[in-house]
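> Dropping the sequence and predicted coords here.
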Amino acid sequence: MQGTVKTVCIPQRGGSKTPQRHAYERSAAFKQGQRFRAGIEGRISVLMRGRGMKRCRADGAERFALFVGAAVLGNNLMIIAALLTRRASRRRKATQ
């Protein structure tokens with residue numbers, strides 16, 4: 001699955017920014033893209049650090065995409081299980 005980049009959200013490093021570049025980096029679209037990018041990088045960090053997605057031994061882009069999808073699915077299932085466990089423990093405390 002490939003998409004098209006609509007807004008480039010990489011800030012300029014070094015050098016002096018032109019007034020146009022400064023205005024662009026302060027725009028709502030750029031800031032929204034930066035927040036999205038931070039969220040994606042955070043998810044990748046969680047998958048690599050806490051969920052065992054250290055190394056993919058599969059060959060090819062299609063198998064790599066399957067590996068990443070399985071890691072994301074596994075992470076989401078773990079989050080749902082934790083939420084359901086927390087909810088069940090609250091209900092037990094409330095009925096006691």
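Happy to help now that I have it. Residues are numbered from 1 along each chain as shown.
> So for the helix or strand where residue 31 lies, mean pLDDT?
Using DSSP states H and E, residue 31 sits in helix 28-50. Mean pLDDT, helix 28-50: 86.
> Enumerate the positions of that helix that are buried.
In terms of neighbour count (16 or more other CB atoms under 10 Å), helix 28-50 has its buried residues at 30, 33, 47. Every C-beta, even on glycine, is put in place using the N, C-alpha and C of the backbone.
> Name the next helix or strand following that helix along the chain.
Next along from helix 28-50, by DSSP H and E: helix 61-95.
> helices or strands next to that next one in the packing?
Helices and strands touching helix 61-95, by 3 or more CB pairs under 8 Å, 6 or more residues apart in numbering; DSSP states H and E, are helix 28-50.
> for the helix it packs on, packing partners?
Judged by 3+ CB pairs under 8 Å, 6+ apart, helix 28-50 is in contact with helix 61-95.
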